[in-house]
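**Student:** Sequence first, then the predicted structure, then my questions.
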Amino acid sequence: MGVGLGGIIIEQARKAYGTVAALKGVSLTIAAGEFLALVGPSGCGKTTLMRAIAGLETLDAGRVIFGEDDVTARRAADRDVAMVFQNYALYPHLTVFQNIAVPLVMRRLNAWQRLPVVGPLASRQARAAIAADVRAAAESLAIGHLLARKPGQLSGGQRQRVALGRAIVRHPRVFLMDEPLSNLDASLRTETRRELVDLHRRVGAATIYVTHDQSEAMTMADRVAVMMDGEILQVATPEAIYADPADLRVAGFVGSPRINVLAVDSAAGPVRVGGWDTGLVGPGATHYAVRPESLVPADDGLPVRLEHIEFLGDSLLLHARHEPTGAALVARLEPQARKSLERGQALHLRPLHGLLFGADGRRIRSVARHPALV
Amino acid sequence: MLTGPAMLAYLAMLLVPTLAVVVLAFTDFELGMPGFRWVGFDNFADLLTDRTVAASVRNTALYVAIVTPASILAGLGLALLIESGLRGKIVFRAIFFLPVVSLMVAMATAWQYLLHPTIGPVNALLRMIGLAGPNWLGSSDWVLISLGAIGVWENAGFNMVLVLAGLTAIPRELYAAAEVDGARSAVARFRLVTWPLLGPTMLLVTTITTIRSIRTFDTVATLTQGGPNKASEMIVWTIYQEGFSFLRMGYAAALTVVFLIVVLVVMLVQTRIIEKRTHYA
């Protein structure tokens, strides 16, 4: 199967709610120990896919395989996955200690040993082992001092750590995180990103991280899967997703400010945009896209008029209008460039690295240099 | 100033009638008599030696001990069944809520027929399996149990609706978390999530059911009139008898005061005990 024991394979997963297709035949392979971010706008099916991997959602068709085990027919409790929920889903009536202990209590003690009063007497040793494991997990997340509190007495960041503790305490085969940072404030979020990556390295389980925030996905993951409308458009390293997007929607979703998109004059022949020859040949290309940092002022290129200049400290954003087509363009320049620019000015922006896309949004890769420009 | 109208309404609606009852309790006022005398605590002293009142308190306590736990368990069970059922939720909810919206006085006639010793379907069924059913409402051994069964039937649907409302307030994510954490059986999930998170609802249900069963009057009045031989004599029925049949308003008022104090104490104790064990999320 090629993913090793700790990997995950999803084959042709399909799921529909009534007439709405949430998953339209999704296939995905995650290597053992890999950190994969599943990113897409809300409603794209990423949460459905994650719940299907966890076993909380049954697929209409397709298979889920952990390592060599086909777990498609197995329920969540029998899949050996851990999940961090968006709202953490902590048990409000249990202390932090009890919350973290739940997965161990459920797995290591039988129904009799879980009974109140009688249970603890019949399972003293097992309970001591559980307590030791809970303490170790709590210490590793620096929440050892909170064990006696209840979730209601904790801050958002602390609750999130408790949810993580509950997930890592039993060393699961697969680690799933559903937008775990979305309820934290901005400053805590950046800090926690790094901690989650560290945690993943220590735990070592294959991790799927669902988010709608492309910057989270890009900064944390080994590979990023971009999902839209129930389909995975591209799975690649963050670098490849950014520089070499397979689909116009992927190019548009990743990167801030957004990639500039211009209509190509004619689908045949050399690619021209508003009369300007891009120097590219791409049969069937209808869209020409260029990242803001790939646009530089030059003697020739795209004729634009400057509408607005934003100084960001480390860079300068030029908001310009492409004069032939009226399309809005954004260019990112070095901050020193400011002196020679003013609002209303006409200039040329030359794209250093343009990407071509067809009418269906797919990347046109058969790109050749236009002989005239070589 | 702004609380004026509300205070006025409170005084007129609640405080004055209650105070009037308390004042009456210290008199020998009888309806239709020209005047009354202050008798101090005589009415209360009489209560302590009154055999009817003693039977009434004993019967009421027994009735509450039957109806409260049984109808709470029944309501919880029905709610869980309906919640886990795939279809017919609305139909079942309506069926079990029927006793609440129907008029108890009218439904009592149906019960009288059902429990009739000779022509009643209940005893007919028992005869089919070879058992001789008792005279449900006419035997002093059975009458309280029969009334209790009707009380459970009456309260279970109401409790079910309250529990259903409580169940919808439990976040679905907690059940997903419980499943992922390895709570395989329905019992395990109930103990881990449902029961603790129903705490506030169960407090409300217990309080309301206890009050409702202490106040039971309509079944006694329509089906047994406290009989046979005071075997189904209950507090509100006794108050009614003293006040409206024997017209001894002072004595009935004293009984009412005691009744109110008992209800208050029961409520306070119950709230204290349950609140300690209830987590408010």
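**Tutor:** Done, it's in.

**Student:** use CA for all of it now, contacts and neighbours both
**Tutor:** Noted.

**Student:** Which elements pack onto the helix or strand where residue B:109 lies?
**Tutor:** In the assignment (DSSP states H and E), residue B:109 maps to helix B:104-114. The contact analysis (3 or more Cα pairs under 8 Å, 6 or more residues apart in numbering or on different chains; DSSP states H and E) places helix B:104-114 against helix B:121-128, helix B:218-219.

**Student:** Same list (those) but as a markdown table, adding mean neighbour count and mean pLDDT.
**Tutor:** A markdown table is the format used below for the helices and strands packed on helix B:104-114 (neighbours: other Cα atoms under 10 Å in any protein chain shown; pLDDT from 0 to 100):
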| stretch | mean neighbour count | mean pLDDT |
| --- | --- | --- |
| helix B:121-128 | 15 | 81 |
| helix B:218-219 | 20 | 84 |
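
**Student:** Looking at these, spot the one closest to residue A:154.
**Tutor:** Comparing the helices and strands packed on helix B:104-114 by their distance to residue A:154 (Cα to Cα), the top pick is helix B:218-219, with 50.7 Å.

**Student:** Let's see the helix or strand just after the closest one as CSV, backbone CA atoms only.
**Tutor:** Helices and strands here follow DSSP H and E; after helix B:218-219, the next one along the chain is helix B:235-240. Output in CSV follows, covering the C-alpha atoms of helix B:235-240 (Å, rounded to 0.1, in the frame of the first residue of the first chain):
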residue,chain,number,x,y,z
ILE,B,235,-53.9,17.1,52.0
VAL,B,236,-55.5,19.3,49.4
TRP,B,237,-58.7,17.2,49.5
THR,B,238,-58.8,17.5,53.3
ILE,B,239,-58.4,21.3,53.0
TYR,B,240,-61.2,21.4,50.5
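
**Student:** For helix B:235-240, list every residue counted as buried.
**Tutor:** For helix B:235-240, burial by neighbour count (16 or more other Cα atoms under 10 Å in any protein chain shown) applies to B:235, B:236, B:237, B:238, B:239, B:240.

**Student:** Touching it from outside, list them.
**Tutor:** The contact list for helix B:235-240, computed with Cα atoms under 8 Å, 6 or more residues apart in numbering or on different chains, reads B:52-53, B:56-57, B:60, B:214-217, B:220-221, B:225-226, B:252-253, B:255-256, B:259.

**Student:** hang on, the earlier thing: for the helix holding residue B:109, give me every contacting residue.
**Tutor:** Helix B:104-114 is contacted by residues B:119, B:120, B:121, B:122, B:137, B:150, B:218, B:219, B:222, B:223 when judged by Cα under 8 Å, 6+ apart.

**Student:** re the thing from before, can you put the helices and strands packed on helix B:104-114 in JSON lines and add distance to chain A?
**Tutor:** Shown next, in JSON lines, are these (distance: least, Cα to the nearest Cα, whole Å):
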{"stretch": "helix B:121-128", "distance to chain A": "39"}
{"stretch": "helix B:218-219", "distance to chain A": "40"}
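
**Student:** does residue A:331 sit in a helix, a strand or a coil?
**Tutor:** strand (DSSP: H, G, I helix; E, B strand; the rest coil).

**Student:** mind checking pLDDT for the nearest residue to it once chain neighbours are set aside?
**Tutor:** Closest residue to residue A:331 apart from its sequence neighbours, by Cα to Cα, 6 or more residues apart in numbering or on different chains: residue A:292 at 4.1 Å. You'll see residue A:292 listed with a pLDDT of 94.

**Student:** can you pull the buried residues of the host helix or strand of residue A:159?
**Tutor:** Per DSSP H and E: residue A:159 is located in helix A:156-168. Buried residues in helix A:156-168, counting neighbours by 16+ other Cα under 10 Å, are found at A:156-168.

**Student:** could you dump the helices and strands packed on helix B:104-114 to JSON lines with distance to residue A:121?
**Tutor:** Formatted as JSON lines, those follow (distance: least, Cα to Cα, whole Å):
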{"stretch": "helix B:121-128", "distance to residue A:121": "46"}
{"stretch": "helix B:218-219", "distance to residue A:121": "48"}
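
**Student:** I would like the residues contacting stretch B:245-258, please.
**Tutor:** Everything outside stretch B:245-258 that qualifies as a contact, by Cα under 8 Å, 6+ apart, is B:21-22, B:24-31, B:43-44, B:47, B:239-240, B:242-243.

**Student:** show me what contacts residue A:177?
**Tutor:** Residue A:177 sits next to A:83, A:84, A:85, A:86, A:207, A:208, A:209, A:210 when contact means Cα under 8 Å, 6+ apart.

**Student:** can you tell me which of these are in strands?
**Tutor:** Counting by DSSP state E, the contacts of residue A:177 place A:83, A:84, A:207, A:208, A:209, A:210 in strands.

**Student:** Could you rank these by neighbour count and give me the top one?
**Tutor:** Counting neighbours by other Cα atoms under 10 Å in any protein chain shown, the top entry in the ones in strands among the contacts of residue A:177 is residue A:83, with 29 neighbours.

**Student:** Check whether that residue really touches residue A:175, as I assumed.
**Tutor:** Yes: using Cα atoms under 8 Å, residue A:83 and residue A:175 qualify as a contacting pair, with a distance of 6.0 Å.

**Student:** what is in contact with those two at once?
**Tutor:** Common neighbours of residue A:83 and residue A:175 (criterion: Cα under 8 Å, 6+ apart): residue A:167.

**Student:** Would you mind listing what in the stretch 51-200 of chain B touches chain A?
**Tutor:** B:173-174, B:176-177, B:179-184, B:188, B:193, B:196-197 (Cα under 8 Å from any Cα of the partner chain).

**Student:** So for residue A:334, which of the helices and strands packed on helix B:104-114 sits nearest?
**Tutor:** Of the helices and strands packed on helix B:104-114, nearest to residue A:334 by Cα to Cα is helix B:218-219, at 86.8 Å.

**Student:** how far does that closest one sit from the chain's center?
**Tutor:** 11 Å (Cα atoms, centre = their mean, to the nearest Å).

**Student:** low-scoring pLDDT stretches of chain B, where are they?
**Tutor:** B:1, B:86, B:277-281 (pLDDT under 70).

**Student:** Tell me where chain A has helices.
**Tutor:** A:46-54, A:96-108, A:118-122, A:124-140, A:156-168, A:186-203, A:214-220, A:238-243, A:248-253 (DSSP state H).

**Student:** Of those helices, which shows the lowest average pLDDT?
**Tutor:** Among the helices of chain A, helix A:118-122 carries the lowest mean pLDDT (a mean of 79).

**Student:** ok, back up a step: nearest to residue A:315, of the buried residues of helix B:235-240?
**Tutor:** Nearest member of these to residue A:315, counting by Cα to Cα, is residue B:236, at 83.0 Å.

**Student:** got the contact list for the closest residue to residue A:325 other than its chain neighbours?
**Tutor:** What sits nearest to residue A:325 in space, not counting adjacent residues and going by Cα to Cα, 6+ apart, is residue A:274, at 6.1 Å. By Cα under 8 Å, 6+ apart, the residues touching residue A:274 are A:264, A:265, A:302, A:324, A:325.

**Student:** give me phi/psi at residue A:274?
**Tutor:** phi 60, psi 40 (degrees, to the nearest 10).
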